[in-house]
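>>> Need a 3D model of the sequence below.
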Amino acid sequence: MSKKKNLGDDFSFPKFKGVNGIKSPKRSFLPEPPLPNIKVSEPSLPDFITGLIKQAITQKRLIEFYYQGLHRIAEPHILGLKDEAIQVLVYQVRGKSSSIKLPDWRRMNLDDMSRLQILDETFSPKPPSLYDCHSSWDEILAIVS
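Numbers count the residues shown, from 1 in each chain. Coordinates of the predicted model:
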């Protein structure tokens, strides 16, 4: 009787050698090392406030904010530069004022504004003749039309 080799059940798989010119990947699929910490710069607060005021001017929407500690609601009409300071000319309609007279025109430094937000309420532009006394600007960045 001849001895036959017992093949049994063979569950091994052949090694991948590539198919029709397709080569196995050379790159490992292990996670790559983390990237170095790169600090993404965020817009500065004055840039953020400037952007909000430009948006409010374009959309003719009232703004609510605090200026020198007082709560104010106003219509922004001109955003500009005067003596290297960014200022906004507003027609303050509600809120508090140190002069008590409201509504009235106010020219305000953006550096003194805080908690600014755009309201849903819109306004109609005032004729330029009404704010001529505040028309001295080095550069106008946005104006209501």
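
>>> Might you report the residue contacts of residue 110?
Residue 110 makes contacts with 46, 49-50, 53, 85-88, as judged by C-beta atoms under 8 Å, 6 or more residues apart in numbering. No exception for glycine: its C-beta is placed from N, CA and C like everyone else's.

>>> With adjacent residues omitted, what lies nearest to it?
Using C-beta to C-beta, 6 or more residues apart in numbering and skipping residues adjacent in sequence, the residue nearest residue 110 is residue 86, 4.6 Å away.

>>> Among the contacts of residue 110, which one lies nearest to residue 60?
Checking these against residue 60 with C-beta to C-beta, the nearest one is residue 53 at 12.3 Å.

>>> so what's that closest one up against?
Contacts of residue 53 by C-beta under 8 Å, 6+ apart are 63, 76, 79, 88, 110, 116, 142.

>>> Could you pick out which of those are located in strands?
Mapping these onto strands (DSSP state E) picks out 63, 76, 79, 88, 116, 142.

>>> Please render the residues you listed as CSV that adds pLDDT to the earlier fields.
Putting the ones in strands among the contacts of residue 53 into CSV (pLDDT from 0 to 100) gives the following:
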residue, pLDDT
63, 97
76, 96
79, 94
88, 94
116, 94
142, 93
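
>>> Mind putting those residues into a markdown table with neighbour count and distance to residue 70?
A markdown table is the format used below for these (neighbours: other C-beta atoms under 10 Å; distance: C-beta to C-beta, whole Å):
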| residue | neighbour count | distance to residue 70 |
| --- | --- | --- |
| 63 | 23 | 14 |
| 76 | 28 | 17 |
| 79 | 24 | 20 |
| 88 | 28 | 15 |
| 116 | 19 | 14 |
| 142 | 18 | 24 |
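
>>> Pull the most distant pair out of the contacts of residue 53.
Spanning the widest gap among the contacts of residue 53 are 116 and 142, at 14.6 Å by C-beta to C-beta.

>>> For residue 117, which non-adjacent residue is closest in space?
Nearest non-adjacent residue to residue 117, counting by C-beta to C-beta, 6+ apart: residue 64, 5.3 Å away.

>>> returning to what we had before: what distance do you get for the residue nearest to residue 110 to residue 125?
Computed as C-beta to C-beta, to the nearest Å, the residue 86 to residue 125 distance reads 21 Å.
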